[in-house]
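1. Give me the fold of what follows.
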Amino acid sequence: MPSRAEEWKYLPAWQTESWPEQLAALTGGRTPQQERQIRRIFAHRLRLVSELHGAGVRLAAGTDTGTGYLVPGFALHDELALLVAAGLTPAEALRAATRDAARTLGLPAVGTVARGQAADLLVLDAAPLRDIHNTRRIHGVVVDGRWIPPEERRRLLAASCSWSSGPASAATTRRLSSNETA
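-> From the prediction side, this is the model:
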């Protein structure tokens, strides 16, 4: 696992700075045999996802929040790649993150691009059906039917970075370090 990832800048430092230490506590001291077992379990999970999909089970993608090393929104790209690694086509992986996720959550007004649906979507610079990793090549965003062009998106992301390292983050860090309760 990385000790720092580009997308960590969108989270408060107090949240990410403990991740390497937490990972070391969980994984430190593993024997080579245990490492091999972990890799076998991972491969088994990919096969299980493939078998569930083959059996017609609806798969819904959606990354957990609050989990170490997973940055909401960014981690979904990795999850899509894992679904493709498990045997889904890029189109099936995208449906798992859109239509099927919405159906699973009982949200009929989202998840597809159609008249009457909520208009939230990404406009990409490259085709994700050719390579699922192209979901990271975001050109712009439509939110609530409003186009957010690349320049504005960059400004919003930059503002998010300043929030995560700004005074609110420092205050939260002081509160947590002094064991105050919220």
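2. Could you say which helix or strand holds the residue most central in space within the chain?
-> The centre of the chain sits closest to residue 75, judged by CA atoms, centre = their mean, with a distance of 2.2 Å. Using DSSP states H and E, residue 75 sits in helix 74-85.
3. as a whole number, average confidence for that helix?
-> On average, the pLDDT along helix 74-85 is 94.
4. Extract the CA atoms of it and return them as PDB.
-> Extracted as PDB, the C-alpha positions of helix 74-85 are listed here (Å, rounded to 0.1, in the frame of the first residue of the first chain):
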ATOM      1  CA  PHE A  74     -11.600   8.000  -6.400                       C
ATOM      2  CA  ALA A  75     -11.700   4.400  -5.000                       C
ATOM      3  CA  LEU A  76     -14.700   3.600  -7.200                       C
ATOM      4  CA  HIS A  77     -12.300   3.700 -10.200                       C
ATOM      5  CA  ASP A  78     -10.300   0.900  -8.600                       C
ATOM      6  CA  GLU A  79     -13.400  -1.000  -7.800                       C
ATOM      7  CA  LEU A  80     -14.500  -0.900 -11.400                       C
ATOM      8  CA  ALA A  81     -11.100  -2.200 -12.500                       C
ATOM      9  CA  LEU A  82     -11.400  -5.100 -10.000                       C
ATOM     10  CA  LEU A  83     -14.900  -6.000 -11.400                       C
ATOM     11  CA  VAL A  84     -13.300  -6.200 -14.800                       C
ATOM     12  CA  ALA A  85     -10.500  -8.300 -13.400                       C
END
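5. For it, enumerate the helices and strands it packs against.
-> helix 32-54, helix 90-97 (3 or more CB pairs under 8 Å, 6 or more residues apart in numbering; DSSP states H and E). Just so you know, the C-beta spots here come from the backbone N, C-alpha and C atoms, and that holds for glycine as well.
6. Give the other helices and strands that the longest strand seen in the chain contacts.
-> Determined from DSSP state E, the single longest strand within the chain is strand 138-143. Using 3+ CB pairs under 8 Å, 6+ apart, the elements in contact with strand 138-143 are strand 121-124, strand 146-148, helix 150-165.
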